[in-house]
Structures are given as C-alpha cells and as structure tokens.
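Colleague: Got a predicted structure plus its sequence, pasted below:
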Amino acid sequence: MAGALKEVRNRIKSVQSTQQITKAMKMVSAAKLRRAQDAIIQMRPYAKKLQEMLSNIVSNTDGDSGGDLAIERPVEKVLLIVISSDRGLCGAYNANVIKLARSVAQENYAQQLAKGNITVWPVGKKAFDFFQKGSFGVNPAYKDVLHHISFEQIQQVAQAAIESFAKKEFDVVEVVYSEFRNAATQRFTAERFLPIPKVENKDGKTTKADFIFEPGKEALIAELMPKILNTQLYKAVLDANASEHGARMTAMDKASENANELLKSLRISYNRARQAAITTELSEIVSGAAALQG
C-alpha cells in the first residue's frame, strides 16, 4: 500500500512540474503573439493594396508588356514554398500546413507529382524534416530563415523564386502558409505567387484598370513587380509567425487545463489509497488488541 501511495505522489509531482512548464510556455507565447499580431495587422492593409495594384497592372497590360512574371505557360514544373515553424508544441499547426501542401500537390498537380516535377522550399525546420523524407524535391537553403525574421532574409527567398521562374526552372510557384485570424483561429491557405494572377470580375473576365504609367510602362513594371512580390512573401511569413504563436499559446493553455483535470483525478486516487491504508492499519490494531485481550 505504501508503494502505491508513493507512486501516486510521484505522478502528482510529475504532472505539477509539467503544468509549470506549460503555463510558462503559454505566457511566453502570449508575449510573442502580441508583437507578431501587431506586425501582421500593420502590414496587412499595405500588402493587400500592393497586391491589388499589381494584379490590376498585370490585367491592364497585354503581351510582353506585362513582364515575364505575369506570363502563363503550360505547367510542367511546380515550386511550393511551405511556411511552417521551427519548433513543435503548437498543436496541429505544422501538421495542417504540411497536410495542405500535400493536398495541393496531389489534387492540383497530380501529373507533375507523378513525374517527380514538384519541388518544395521549406521555410521552417518542421516542413523540412517532413518533406526531406518524402518523394518531393527539397531545397534546404531557406529552412533556417525563421530564426530571426527580417524583410532582407525573406527577400532572398522571394528573389530566388522570381529568378527561378524567370529562367523557366518552374512554371508556377505557390505559397502554402497559415493566415492569422486570432489567437485561436488560423486559416490554412495556398496562394499563387507566380505567375502573377490577374484580377477577374464576377463573370470570370479579366478587368481593365485605367492606369497612367509614368515614366514608362515597361520600366515601371520591371521595377515594381519584384518589390511587391517581396512584400507579399514577407506578409505570408508574418501571418505564419503570428499563427504559430497563437497555436502554441492555445495548445499550452489546453495542456494546462488537462493537467488540472489529471491532478484532480490523481488526488482523488491518492486520498482513496490513503484512506484504505489507514483503514487497514486500524483493522490490524483492533485485531491485535482483540487477540491480546483473548
């Protein structure tokens, strides 16, 4: 009986230690989430307007004046930029990002997947760890850029994708990431990065925006397109970063609640075992006294 009590006490101490860790991680994630949330909220309207402007410019141009980055061509080779996290303990966040990336490859590019023409650029160690074991071609060059998120580092990834598309190493580039909604909600999405999508109206026809280009259309487009694409990828990374911290904060909160429930159950078990031990000892004392009197 004493052994059972000791085992339950050890389990209670273990759960309490784990609960302290989960509470501390929740507080750290909450602090990081506040900064990440401020960053994406400030960035989102700017990035959205730039994307609208870029799509309108592409829709307003025809032929080669739209630039090489807007030209649609038969899809033979596909690049997926998959943004995950470097660390775990964030619930199903990484699993959902990876699941969506696989779904995009299997459903949208089944022929290219069968030919082995899908390449993954993982941004984050969790995506790299998963895809390096699969049948996808993986470029590990950008798996560590989330260590210190900066526009300059993300720009390197965007510029590499732009150059690869321009050289026709890839015919389409998509970004798979988690769009931040709030601390408890993320929307996992895949967005076309290249070629630059055109704006379509409700009838599915390309809209025409009346832009006046100054100094010149070709020069302006050549200068604007890469810079706006850099911003779009940076916005996706900020979204993913905020989503990660929100998912981790929520996961640690749930873990703390589960630890509380487990502690209640263990304390009940401990009290029952202790009562049983006391009852047994009393019975032995009474039996011994009765024997002496007899």
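Modeller: Cool, got the structure.

Colleague: What segments of the protein are strands?
Modeller: Using DSSP state E, the strands of the chain run over residues 78-83, 118-123, 137-138, 172-182, 185-194.

Colleague: where are the low-confidence patches of this protein?
Modeller: By pLDDT under 70, the weakly predicted segments of the chain are 1-3, 60-67, 199-211, 213, 294.

Colleague: By residue count, which helix of it is the longest?
Modeller: helix 217-293 (DSSP state H).

Colleague: tell me the angle that helix makes with strand 172-182.
Modeller: Counting by axes from the mean of the first three to the mean of the last three Cα atoms, to 10 degrees, helix 217-293 lies at 50 degrees to strand 172-182.

Colleague: Quick one: list the elements packing against helix 217-293.
Modeller: helix 2-60, strand 78-83, helix 93-108, helix 151-166, strand 172-182, strand 185-194 (3 or more Cβ pairs under 8 Å, 6 or more residues apart in numbering; DSSP states H and E). C-beta coordinates here come from the backbone N, C-alpha and C atoms, glycine included.

Colleague: Which of those sits closest to residue 72?
Modeller: Closest to residue 72 of the helices and strands packed on helix 217-293 is strand 172-182 (Cβ to Cβ; 8.8 Å).

Colleague: Counting neighbours, which bits of the closest one end up buried?
Modeller: For strand 172-182, a neighbour-count test (16 or more other Cβ atoms under 10 Å) marks 172-180 as buried.

Colleague: ok, residue 237 - how many residues close by?
Modeller: 26 (other Cβ atoms under 10 Å).

Colleague: Would you mind listing the residues in contact with it?
Modeller: Going by Cβ atoms under 8 Å, 6 or more residues apart in numbering, residue 237 touches 83, 123, 146, 149, 154, 177.

Colleague: and which of the residues you listed is nearest to residue 23?
Modeller: For the contacts of residue 237, the closest approach to residue 23 (Cβ to Cβ) belongs to residue 146, at 24.9 Å.

Colleague: Figure out which of the strands of the chain is closest to residue 54.
Modeller: Closest to residue 54 of these, according to Cβ to Cβ: strand 185-194, at 11.4 Å.

Colleague: Give me the neighbour count for residue 35.
Modeller: Neighbours of residue 35 using other Cβ under 10 Å come to 11.

Colleague: ditto for residue 192
Modeller: Around residue 192 there are 11 residues (other Cβ under 10 Å).

Colleague: bridging residues for it?
Modeller: Note on residue 192: beta-bridge partners by DSSP bridges are residue 174.

Colleague: shouldn't it be in contact with residue 176?
Modeller: No - with contact defined as Cβ atoms under 8 Å, residue 192 does not count as touching residue 176 (11.2 Å).

Colleague: if we can go back for a sec, to residue 277, which of the helices and strands packed on helix 217-293 lies closest?
Modeller: helix 2-60 (6.5 Å).

Colleague: what's the offset of the closest one from the middle of its chain?
Modeller: 10 Å (Cα atoms, centre = their mean, to the nearest Å).

Colleague: now do stretch 253-269
Modeller: With Cα atoms, centre = their mean, you get 29 Å for stretch 253-269.
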